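[1] Pasted the sequence and its predicted model underneath.
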Amino acid sequence: MKVSRFIGGSVSALGAAVSCWAVLAGPVSAGDSKLGPVVAPEFDAAKAALGKRLFFDKRLSGDAAIACATCHQPDKGFTDGLALSEAYPGSKGFRNTPTLINTALAENWFLDGRLGTNLNDVTRESITEDYSMNMDMRLMQERIKQDPVYVQMFKDAGYGEPSNGSVRKAIPEYLKTLISKNAPFDAGTMSDAAKRGQALFEGKAGCVACHSGPRLTDDMAYNIGVPENPDLWSDPMRAMTWTAFASFMGVENYMNVRRDVGAQIIRHPADGSDIGKFNTPTLRELKYTAPYMHNGMLATLQDVVAFYNAGGGDDPNKDPRIKPLNLSADEQADLVAFLEALSGDPLTGPDYVWEDEIPTNYPVIEDWREVAN
Ligand code: HEC
Ligand code: HEC
């Protein structure tokens, strides 16, 4: 389903129903919003293997301190278990680290949905942003060229000699391998409680209005009133990172804004109606990815369901569909059971993890500037 961020943003600002933007955005087949198994994309094994090594290699960060996998850890569903992420040494993050499982199937990326192009761009941003890995791509390329294992792997992958452009292709190829596997929901092995939960999810609780399709997201941003994480303002390292980001993104009055404005940075509507909208996250693999929401403010799935049951948070921009649900304690437990049934096998082990040590004691290349690989 290709629906532009802009149509999604403006129409939900009017509080229109899902069927309404379907009309504006052109025909959307019923299959698009149906819950169902994720379909694994094709991938090239040699390119994905190279992407895997790069993903686990700390030399992709400026001072070789962190890798993608430092924050996106396989045993935690490619998250880090923290409310707000760490960052390159000397700064701290301002958002919760999202799962990368099924991210290859998403329509747009980052928690505000600010990148709507492709994972090549997301990879570039993740490597170069000063609060992420703070790496100069040219330096990265020279580092990689000195490692004989990479020289061989780039060749085997059909990329020729190592280049930053190929890094940005190989990592997305690896991300294509991170697809949910054997969730009870897909395997048809859900408990009765989870089945009752699914009926509530698609019925009385109304969750499916936004959490639709195989990944259980419509890839649109809404405001559900998640409270601010006070750490973002009490920890100067986080506040600085946020302020620099907000300045760069053209957030009005950024020195005084005391909240994460979310998707407001995309269209900047003058009435501030996109403030506090965040992308609807996938609900797959939640078992591994606590704490929840863009700022990790909800610790457990019980907390999330209780939050929705109470009508979400308090925000002038809150989506009108988020309202008290009057679910009994049993119904809330059923909903949690359904959410849990959307998690499959952990994506750990050699198919997903680069397990060999990455040696850095390879011989120095004499006169390396003049040497062709
Ligand atoms: C310092 C921790 C950290 C590191 C290192 C890191 N990430 Fe992330 N990643 C995050 C956070 C936090 C977000 C959400 C950022 C936002 O919304 O602004 C994110 C978002 C993403 C997303 C978007 C997911 C989605 O559903 O929208 C992808 C894809 C991604 N990272 C891949 C990578 C890759 C590839 C690398 C290595 C090149 C990497 N990340 C390195 C913390 C990190
Ligand atoms: C109006 C659209 C909408 C509806 C309806 C909705 N959600 Fe959400 N959901 C969102 C958005 C947007 C977020 C992210 C909010 C944030 O991070 O600030 C979210 C976040 C979540 C998360 C956290 C996932 C994570 O990885 O952090 C869970 C779990 C969840 N919703 C479950 C549900 C359930 C269960 C229901 C029904 C009771 C429901 N949602 C109804 C839009 C919606």
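    Noted; the coordinates are in hand. Numbering: from 1, shown residues only. Ligands and ions are numbered 1, 2, ... in the order given.
[2] From residue 301, how far out is residue 356?
    36 Å (Cβ to Cβ, to the nearest Å). Using the backbone N, CA and C atoms, a C-beta is placed for each residue, glycine as well.
[3] Oh, that last question was meant for residue 83, not what I typed.
    Using Cβ to Cβ, residue 83 is found at 15 Å from residue 301.
[4] related to what we said a few turns ago, who's more crowded, residue 356 and residue 301?
    Per other Cβ atoms under 10 Å, whichever of residue 356 and residue 301 has more neighbours is residue 301, with 20 against 10.
[5] mind listing the strands for this structure?
    Per DSSP state E, the chain carries strands over the ranges 221-222, 278-279.
[6] Quick one: list the elements packing against the last one.
    When you say that, I think you mean strand 278-279. The contact analysis (3 or more Cβ pairs under 8 Å, 6 or more residues apart in numbering; DSSP states H and E) places strand 278-279 against strand 221-222.
[7] what about the strand it packs on, average pLDDT?
    For strand 221-222, mean pLDDT rounds to 98.
[8] Mind checking if it is in reach of ligand 2?
    Yes. Judged by Cβ under 6 Å from any ligand atom, strand 221-222 comes into contact with ligand 2 at residue 222.
[9] still on that earlier bit, Throw the strands of the chain into CSV and include mean neighbour count and distance to ligand 1, thanks.
    Listed next are the strands of the chain as CSV, based on neighbours: other Cβ atoms under 10 Å; distance: least, Cβ to the nearest ligand atom, whole Å:
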stretch, mean neighbour count, distance to ligand 1
strand 221-222, 26, 11
strand 278-279, 24, 7
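[10] Throw those strands into CSV and include distance to residue 254, thanks.
    Converted to CSV, these look like this (distance: least, Cβ to Cβ, whole Å):
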stretch, distance to residue 254
strand 221-222, 20
strand 278-279, 18
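[11] for the most centrally placed residue in the chain, what are its contacts?
    Central residue of the chain (Cα atoms, centre = their mean): residue 98, 3.8 Å from the mean position. The contact partners of residue 98, by Cβ atoms under 8 Å, 6 or more residues apart in numbering, come to 79, 111, 281, 289.
[12] Need the pLDDT of it.
    Residue 98 is assigned 98 on the pLDDT scale.
[13] Residue 203: neighbouring residues, count only.
    By the criterion of other Cβ under 10 Å, residue 203 has 10 neighbours.
[14] quick one: the residue lying closest to residue 186 once chain neighbours are set aside from residue 236, how far?
    Once flanking residues are discounted, residue 186 sits nearest to residue 37: 4.3 Å by Cβ to Cβ, 6 or more residues apart in numbering. From residue 37 over to residue 236 the distance is 45 Å, taken as Cβ to Cβ.
[15] quick one: which of the contacts of residue 98 is nearest ligand 2?
    Minimum distance to ligand 2 across those is 4.1 Å, recorded for residue 281 (Cβ to the nearest ligand atom).
[16] mind checking how far the closest residue to the closest one other than its chain neighbours is from ligand 1?
    Excluding the flanking residues, the one nearest residue 281 by Cβ to Cβ, 6+ apart is residue 217, at 6.2 Å. Distance of residue 217 to ligand 1, given as Cβ to the nearest ligand atom, to the nearest Å: 9 Å.
[17] same deal with residue 342?
    From residue 342 to ligand 1 the distance is 16 Å (Cβ to the nearest ligand atom).
[18] Pull the contacting residues for that residue.
    183, 185, 216, 283-286.
[19] mind redoing it with 7 Å?
    Contact analysis of residue 342 by Cβ atoms under 7 Å, 6 or more residues apart in numbering lists 183, 185, 216, 283-284, 286.
[20] and the stretch 1-150 of the chain, which residues reach ligand 1?
    Proximity of the stretch 1-150 of the chain to ligand 1 (Cβ under 6 Å from any ligand atom) is limited to residues 60, 66, 68, 70-72, 85-87, 93, 95, 97-98, 100, 103, 106, 109-112, 119, 122-123, 126-127, 132-133.
[21] Just the residues you listed: which are in helices?
    Within those, residues falling in helices by DSSP state H are 68, 70-71, 119, 122-123, 126-127.
[22] between those residues, which has the most around it?
    The residue in those with the most neighbours, by other Cβ under 10 Å, is residue 68 (25 neighbours).
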